[in-house]
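Engineer: Sharing a sequence plus its predicted fold:
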Amino acid sequence: MGLKTRAFSMVEVMVAIVVFALAILPLVWLSSKQTKEAFHVGKHMMAGQLAATFMDNILHRDYDDVSNIAKKSPYEGDVLENSSNSKIKDFFNLSEMVEGLENEKANENIKISFRNFRYKITLKENLKDSYNSDTKEYGKAISITVEVSYLVSDNKNDRDRTRQYLRINAIKYGEMHK
Amino acid sequence: MLYKFSNKKGNITLILVGLIFVMMIMTMFLSRRLTSHTQLLTLGDYTQISRYYLESYANHVMQQVRAQVNDPTSKLNEAMCQDIESLPSRDLTDCFVYKESDALKELEIVYGNNNKIKRLVGPGNFSIKLTNNTEAIGYPEWLTIEKEKTLDNLKKEKEGVLEVTCACSFNKRKYTLVVQFPFTVVYRMTPVLKDFMLFADNIYSEQRWEKQVKLSDDKSLDRLNIVAIENGRAVLEDYAESLKEDNDINFNYINRGKFRIRPWFLLQPPEGEAVDEKNSGMVYLGPTDRTFGKSIFYNLGGIAPKSDPDSSDTDLIDHSDVNIVTPESVGLPQNFDITNETADFPIGGGIKSYGRETHLKSEGHHLNLGVIGFCKEFTTFFDVGIYKLSDFFNDDSDVLMKPDSETFWGEIIKKSLDYRKYYGFSFGLKLFGVHYKTILGNPVPPVKRQIFGNVFGRFILFNMWSGPSSAFQALKYNPNCTIDEVPPQELNYLADRDPIYFRPEEYEEGMSEQEQREIYNKYMSKTMSGMVTKDHYKKNGDGRNQSLFMPINYDYDGGWEHKIFDDSDFEANDGFKFKGRDKGFDKFGELWFARKDDNPSDPTDDRSCIEKRIGRTFEDEDRFKEAVGYPERFKINGVVYVKGDLDLSKGMNLKADDCSGGIVLVDGDIKVGNILRGQDPIFDRNNKFELFTGSGNGVEIYKGWVDSASEYYIGADKILTFVCLPNGGKKRKIEIVGNTLLGVQLINLTQDDSKKRSSWDREEIEDQICWNLPIDSKKKDIIFYGSIACNQLNLPRRLLEFGEITNSCDAVLNAPVFLYPSVMASETPPLAVQIMEDMRCYRLTAEKEGATD
């Protein structure tokens, strides 16, 4: 009686490999997507923080200061680029803030993190807001739109290298006037 | 050994199914993780959007609140300006009127394609309220209110926190934002100082009589009695040079060659304003220190009692002020017939006395009280005329006009004519307004104005008496004389008639000699408020409580008697009073305007002063000007602090709506240009200033000011106060570079205590508030409708700035006009609500819609 060995046939193994491969592919794709999404979420949150920083910076300024720069709105540029416009430097420029960090590594990290971030700030003043018919006075208001955009991928060869935009709005109110 | 598989088929299937199952679990896990990431991201975005939306909403509400809290017609203003106990409720939502914002609506559209973001209104979603910690700001212990009627004023200045709640719904969530802003409610004017038309707490150092007593060899340095008067008008001072040669330097400050100056008239309130002593603008000439020597002697201007036939019709007013002397003020009985004024009493060549005649005890007996002020005529009359000086005075006259070694007699008789001209100069300020010749014969008392400080009116009494059918006979100066020793009047043409004896009201038969002497002392001719000699001082004290001194102030409650008024007598219309004399007028500026860093360790230094009332701080004048809208507008609304100098020399022309009164504290020098309220009244003067007489038909301009319908109305809430803050005793200056300032208070009380004590030793008197006008012969049209507070005036310099008088100058019509807005003395001073820029609390909450707390 001959020894009857039992084992996977080549076909079985091949089928198994194919099935496994087919099954693992979406998983790998999903995993990759998740990694990208996590990266994207991180960027999105950074953009949100950045936009909030810009917005808070504007909202906390005197109305007249903001009104002065509103006339030449919009302002846009790379987040880390040095603004040549001294008038708006204090408002939108992060480069000085970054340069000011004592920790060089942190400084470098921030520069890497924000390297593909751009901003666009639009200020629109309305001097005839909130009309009060009793006193015949208007209110001053400046509508502020802060838009921060970033590249989803830092890899230049990435086909998915799209630019994402985050936009927030707020209004700064001045005093009433005739 | 080989592994044996089961004979059963399907193992591979089982493994694959297991594998796939595991993969599915992993996929689900990853998917779920991704979803939660996305959800987290979405929630963060929604929160950020809601946050900025609500912040915008809250900011808009605050814009409206800020506009309404200082609008006197709004309910919100009314509610917040109540005293704490009368606050209607801490919830002020119903007092607030919300006006929609277009910008906010646009924002809602941006975020709400499907109306996703929605403002929530109604209770629980929107409110404006005061938190529970609202409390009175309080006052230093030395400043208080005791008058029941005005007690509420104490509690009106307060501080607290205003809380705004607003909510919105967004993506099935309700977001609520609560923000809190500290606020203060403060008076728009400085308590106490606002009740003064002129406040000069160190002006006595410009007269320096104190030194005369201590060091008799010093020459006087009187820079207050400087206006030369002749025939009732300010005249050319053409003898200053000769005075200089006599080393009598008190006039040298005014001597710029031949120059005529006018007194500074503190005019009576214009017709139409309620007038009593509390709201006609008080005056303080300091110090109130009653130690000997710190007194101010006010030479009353001599009078031309009747209209001079040579004068023009417009010459209604003269520069005399002897009319403020009443019989009571010189210690005589009050039964004088003051309507019978013997204005032209013939004392001598050209001199005229402001006389008052009364009946003495015996029938047909008369007493004439002859008041003579300081004027050029006085220097020459002694040698001619019906009466001689020797009829009234003699060598024993030891109450002097000047406190050096010479007696009054010696000074007049023995010195040169030029030296006598000292008696031609009267006080440079006219504290009771102008004296109108037209009202003689129908006497009107001087303006009711309280004068605080040791200010004494100086004049000479030439008293006479007469019997029936007899001529007036001088009552000669002689403090030792009894009534019986007064020479009787012999009537020669009635030989059989007994001599007529002087019998005043108080005389009774059988009186002791001492009693008679005391009575005669009241009736005899004398110098009132003349400076005493060192010997006299040693023997009798400074004598200010004796009848020889007449305080310039009237006590209106005491029947128009004269009385020294100091800070303990002060009570403003709004009820403010001083509690302790050690923290009185003289310390007011130093204490009220003190800063914490001035003396942080002083436990007695109460901080409830101006510093606690500051609502906004400006780093420089540019930011201040931008914030208040200068020069088109000037909205202070409270108390603000400006670092560095403030230059407003460009001036302003403010409509009532463009002006909100308040106090501007400047840590530097100040320049103020014209502050007009409509057209410049200088162009409308046209000799219409009889409107200020109180008897005229009123000035259209002034009516324009007080007419509430006028868009240029100057109410109490429109008064602008500019304050130079103390700088450790270093000099600070307020420079006026305009002619017309309306509704303004200028305060420069920057001299510290040590400076005040020593300043009479200095040659230099500070120009604290000055008109930056060239000193030349041109007439300066100056109108100042407001109040001034400083330590020193440097009066000669101020009068020179007002310009040389011309031919028409003898009337006040062309003189600078100084008026006090009686609205400043309101019983209920106007308040301003100051809401600070910085938030105290910020709370953003999110909840699912429909969820209950």
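Structural biologist: It's in. Just so we're clear, the structure is a prediction, and the values are computed from it rather than from any experiment. Numbers count the residues shown, from 1 in each chain, chains lettered A, B, ... in the order given.
Engineer: can we go C-alpha only for contacts and neighbour counts from here?
Structural biologist: Fine.
Engineer: contacts for stretch B:141-156?
Structural biologist: With Cα atoms under 8 Å, 6 or more residues apart in numbering or on different chains as the test, stretch B:141-156 has contacts from B:81-85, B:136-138, B:185-186, B:574-580, B:583-584, B:606, B:827-828.
Engineer: one more time with 7 Å, if that's ok
Structural biologist: Defining contact as Cα atoms under 7 Å, 6 or more residues apart in numbering or on different chains, one finds that stretch B:141-156 is touched by B:81-84, B:136, B:574-580, B:583.
Engineer: for stretch B:322-329, how far is the first residue from the last?
Structural biologist: Taking Cα to Cα, to the nearest Å, stretch B:322-329 runs 12 Å from one end to the other.
Engineer: Report the distance from that stretch to the chain centre.
Structural biologist: 27 Å (Cα atoms, centre = their mean, to the nearest Å).
Engineer: Is the strand or helix carrying residue A:170 positioned near chain B?
Structural biologist: Applying DSSP states H and E as the criterion places residue A:170 in strand A:163-177. Yes: counting by Cα under 7 Å from any Cα of the partner chain, chain B is contacted by strand A:163-177 at A:168, A:169, A:170, A:171, A:172, A:173, A:174, A:175, A:176.
Engineer: Which residue is the nearest non-sequential neighbour of the residue in the stretch 301-450 of chain B that chain A sits nearest to?
Structural biologist: Closest residue of the stretch 301-450 of chain B to chain A, Cα to the nearest Cα: residue B:449 (39.4 Å). The shortest distance from residue B:449 to any residue other than its chain neighbours is 4.7 Å, reached at residue B:277 (Cα to Cα, 6 or more residues apart in numbering or on different chains).
Engineer: Tell me the secondary structure at that neighbour.
Structural biologist: coil (DSSP: H, G, I helix; E, B strand; the rest coil).
Engineer: if I look at it, how far off is residue B:201?
Structural biologist: If you go by Cα to Cα, the gap between residue B:277 and residue B:201 works out to 20 Å.
Engineer: who's more crowded, these two?
Structural biologist: residue B:201 (27 against 18; other Cα atoms under 10 Å in any protein chain shown).
Engineer: Quick check: the more buried one touching residue B:788?
Structural biologist: No: with contact defined as Cα atoms under 7 Å, residue B:201 does not reach residue B:788; the gap is 11.4 Å.
Engineer: Show me which residues of chain A sit near chain B.
Structural biologist: Residues of chain A lying near chain B (Cα under 7 Å from any Cα): A:6, A:23, A:27, A:34, A:129-132, A:141, A:143, A:168-176.
Engineer: So among the residues you listed, which ones count as buried?
Structural biologist: Neighbour counting by 16 or more other Cα atoms under 10 Å in any protein chain shown classes A:23, A:27, A:34, A:129-132, A:141, A:143, A:168-176 among the residues of chain A next to chain B as buried.
Engineer: Excluding chain neighbours, give the residue nearest to the residue in chain A positioned nearest to chain B in space.
Structural biologist: Proximity of chain A to chain B (Cα to the nearest Cα) peaks at residue A:130, 4.5 Å away. Distances taken as Cα to Cα, 6+ apart place residue B:101 nearest to residue A:130, at 4.5 Å, with adjacent residues excluded.
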